[in-house]
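coords please:
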Amino acid sequence: MATPSWTVEAPTPSGGRLVTMHANGRERRLGTAHSDHDLVALLSAAGLAAPERVLDDPGVIEWQGARAHVYQAG
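The predicted structure follows:
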């Protein structure tokens, strides 16, 4: 089984970022994060151990469309 990776998409106009898990050639949308706390909860629920340690690791999480840790469009 391949190691999953995660994408945090650009902030939506109303705020928040869609989080997607990629594994075995498939995508699974986990939900919308409005903060790092939300993101850690989504990643943890998807099975990532100690997600708070990899938020800034581009080999694990790809932040798209805005800087990491920014959840408001702007």
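
switch to C-alpha atoms for all contacts and neighbour counts from now on
Will do.

for the nearest residue to residue 12 once chain neighbours are set aside, what are its contacts?
Spatially, and ignoring its direct neighbours in sequence, residue 12 is nearest to residue 73 (6.0 Å; Cα to Cα, 6 or more residues apart in numbering). Taking Cα atoms under 8 Å, 6 or more residues apart in numbering, we find residue 73 in contact with 10, 11, 12, 13, 14, 15.

Can you name the two of those that sit furthest apart?
Spanning the widest gap among those are 10 and 14, at 11.4 Å by Cα to Cα.

ok, the two, which is more surrounded?
residue 10 (21 against 9; other Cα atoms under 10 Å).

The more buried one and residue 47: what is the separation?
23 Å (Cα to Cα, to the nearest Å).

show me where this protein has strands.
5-8, 17-23, 26-33, 61-63 (DSSP state E).

Count the neighbours of residue 54 for me.
Residue 54 has 14 nearby residues by other Cα under 10 Å.

Can you check the pLDDT for it?
At residue 54, the pLDDT value in this model is 94.

what does residue 3 give?
pLDDT at residue 3 comes out at 69.
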